[in-house]
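Student: Show me how the following folds:
(one chain, ligands or ions: 2)
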Amino acid sequence: MSQYAVPVLWSPDTRLHDPRHEVWVGVQTIGTETSARVDAILEALDGPGFRLVEVASADDRPALDTVHDPALVEFLGTAADRWAAGPYEDLVGQDRVVPYYFPTPAMTAGLPVRPAVAVHADAGRFAYDTMTQIGPGTFSAVLAAVDCAAAAAALVSEGAPLAYALCRPPGHHATPAGFGGSCYLNNAAVAAETLRAAGAATVGIVDLDAHQGNGTAAIYYDRADTRYGSVHVDPGAGWFPHVVGYADETGAGAGEGATRNLPLPEGTGDDRWLEAVADLAGWVADCDALVVSLGVDAAADDPESPLQVTADGYREAGRLLGATGLPAVAVQEGGYHLPTLGGLVAAYLSGHAAGVRRSGGE
Ligand code: SP5
Ligand code: ZN
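Tutor: Numbering: from 1, shown residues only. Ligands and ions are numbered 1, 2, ... in the order given. Model (predicted):
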């Protein structure tokens, strides 16, 4: 039996988003979610066991309408042009949309509100942090990432046992009407909705990124048709997304019991992390299809998280989730240590693919 070659859905347009810098705790820090991530991953997956598939821009994106408020998509699609048309070149001399003002409920306090006219204020209607900026190429890259996720899910719906979407920017922090955490639109939810539209009655999403995917959690919190399970560094230890991701958040209404958060202490390594992954694999095993939010920033060398997972740990996580036997879409999320990034992704995917029979389709 020859090895299953995992299709790798990618697009050169995902390189067009250049975050350059983030504003974090009041200073500009060098952005870590860079286009070099795409090439680091491509390089590691350009060989036996993988099959690179370039994704063209889609004509329509039906899954997007079920995931996001159209006002968010409209804002993301027009913000860079609004910024370019404004006074910012003279004022501050930079071309990125950076919010400075956030009309949270604490500010609006029940008053009737309307959209801010100035784009630097309007951004706070959707942005929930200062790190996630919109530049001239951002929206093209964001749509390309969505298209990669949808194309991977379409392949799996047609019978491929496993497909990988090289999405960038990542998506799991994007909520129905909000962007943040380096995420703009929720690629994993687009994959899940594409699988559902093709006939999967229940989809399980397992999020391996070091950070809880608050966006995906929010999209599915009150729904029973899609389960969301995540293993991540404990927000109670001070980590992003800070206000959600605790173990007692289990869903609401029809979705009660369909959310599972497994927060882990700083410094957690393979053994305890893999126990949590095994727990989540068992928890989704009776779904009809699987989406893996494949963040590899839980790795020991990653600058954005204190977890200590190894490449062997990611390989074993792939084996555990592959053993569910579910048709699966792996969607790239975080992972920021360029020297090890590609190897971590390859380790996960080879672990997952090892349990997939070639006869399962290609
Ligand atoms: C998709 C994803 O992994 N998003 C990560 C969002 C968490 N980032 C919040 C903290 C950013 C601060 N970066 C400073 C780096 C210092 N080592
Ligand atoms: Zn992350």
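Student: who does the helix-or-strand element of the chain with minimal mean pLDDT touch, helix- and strand-wise?
Tutor: Ranked by mean pLDDT, DSSP states H and E, the weakest helix or strand in the chain is strand 21-24, scoring a mean of 89. Packing partners of strand 21-24 (3 or more CB pairs under 8 Å, 6 or more residues apart in numbering; DSSP states H and E): strand 27-30. From N, CA and C alone the C-beta is placed, and that goes for glycine too.
Student: Walk me through which strands the strand it packs on pairs with, and which way each runs.
Tutor: Strand 27-30 pairs in its sheet with strand 21-24 (antiparallel), by DSSP bridges.
Student: hey, C-alpha coordinates of the partner strand in PDB?
Tutor: Only the C-alpha atoms of strand 21-24 are listed here, as PDB (Å, rounded to 0.1, in the frame of the first residue of the first chain):
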ATOM      1  CA  HIS A  21       4.200  45.600  12.700                       C
ATOM      2  CA  GLU A  22       1.700  45.200  15.400                       C
ATOM      3  CA  VAL A  23       0.800  47.700  18.100                       C
ATOM      4  CA  TRP A  24       1.100  45.800  21.300                       C
END
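Student: in stretch 312-324, what counts as buried?
Tutor: Using 16 or more other CB atoms under 10 Å as the test for burial, stretch 312-324 gives 313-324.
Student: ok, of those residues, which one's closest to ligand 2?
Tutor: residue 314 (13.8 Å; CB to the ion).
Student: Got phi/psi on that closest one?
Tutor: phi -70, psi -40 (degrees, to the nearest 10).
Student: who touches it in this structure?
Tutor: 208, 296, 299, 344, 347-348, 351 (CB atoms under 8 Å, 6 or more residues apart in numbering).
Student: circling back: quick one: which two of the buried residues of stretch 312-324 are the most distant?
Tutor: The most widely separated members of the buried residues of stretch 312-324 are 313 and 324, with 17.9 Å between them, by CB to CB.
Student: Close to ligand 1: what parts of the stretch 151-300 of the chain are there?
Tutor: 170, 173, 181-183, 209, 211, 240, 295, 297 (CB under 6 Å from any ligand atom).
Student: Contact partners for the residue of the chain found nearest ligand 1?
Tutor: Distance from ligand 1 to each residue of the chain (CB to the nearest ligand atom) is smallest for residue 334, at 2.5 Å. Residues near residue 334 by CB under 8 Å, 6+ apart: 33, 170, 182, 209-211, 295-297, 302, 304.
Student: follow-up on the earlier one: a markdown table for the buried residues of stretch 312-324, including distance to residue 282?
Tutor: Listed next are the buried residues of stretch 312-324 as a markdown table, based on distance: CB to CB, whole Å:
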| residue | distance to residue 282 |
| --- | --- |
| 313 | 18 |
| 314 | 19 |
| 315 | 19 |
| 316 | 15 |
| 317 | 13 |
| 318 | 16 |
| 319 | 14 |
| 320 | 9 |
| 321 | 10 |
| 322 | 14 |
| 323 | 10 |
| 324 | 8 |
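Student: Toward the C-terminus from the helix of greatest length in the chain, list the very next helix or strand.
Tutor: Ranked by number of residues, the top helix in the chain under DSSP state H is helix 138-157. Downstream of helix 138-157, the first helix or strand assigned by DSSP states H and E is strand 162-165.
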